[in-house]
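Q: sequence isn't available, so here's the structure alone:
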């Protein structure tokens, strides 16, 4: 079997949004692995998903 090449790896990711009602824990210790050739889709209900991806992955 061919060994996969990992192109994205994240470990123990936490994402907390501060609101007027207190913190909202969107992610808690999430692990993510994406290998070369895999198809990944990020789905969300609001159109500002890019801002969340920037926040989560540190993209700029």
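A: Looks like it arrived, so ask away. Small disclaimer: the values here were computed from a predicted structure and weren't measured.
Q: measure how buried residue 6 is and give me the count.
A: Each residue near residue 6 was counted by other C-beta atoms under 10 Å, and the total is 11. No exception for glycine: its C-beta is placed from N, CA and C like everyone else's.
Q: beta partners of it?
A: residue 35 (DSSP bridges).
Q: was I right to think it contacts residue 34?
A: Yes: using C-beta atoms under 8 Å, residue 6 is in contact with residue 34, at 7.1 Å.
Q: dump the residue contacts of residue 34.
A: For residue 34, the contact set (C-beta atoms under 8 Å, 6 or more residues apart in numbering) comprises 6-9, 40.
Q: recalculate using a threshold of 10 Å.
A: Taking C-beta atoms under 10 Å, 6 or more residues apart in numbering, we find residue 34 in contact with 4, 6-10, 40.
Q: give the residue spans of this structure that score low on pLDDT.
A: Applying pLDDT under 70 to the chain picks out residues 1, 42-60.
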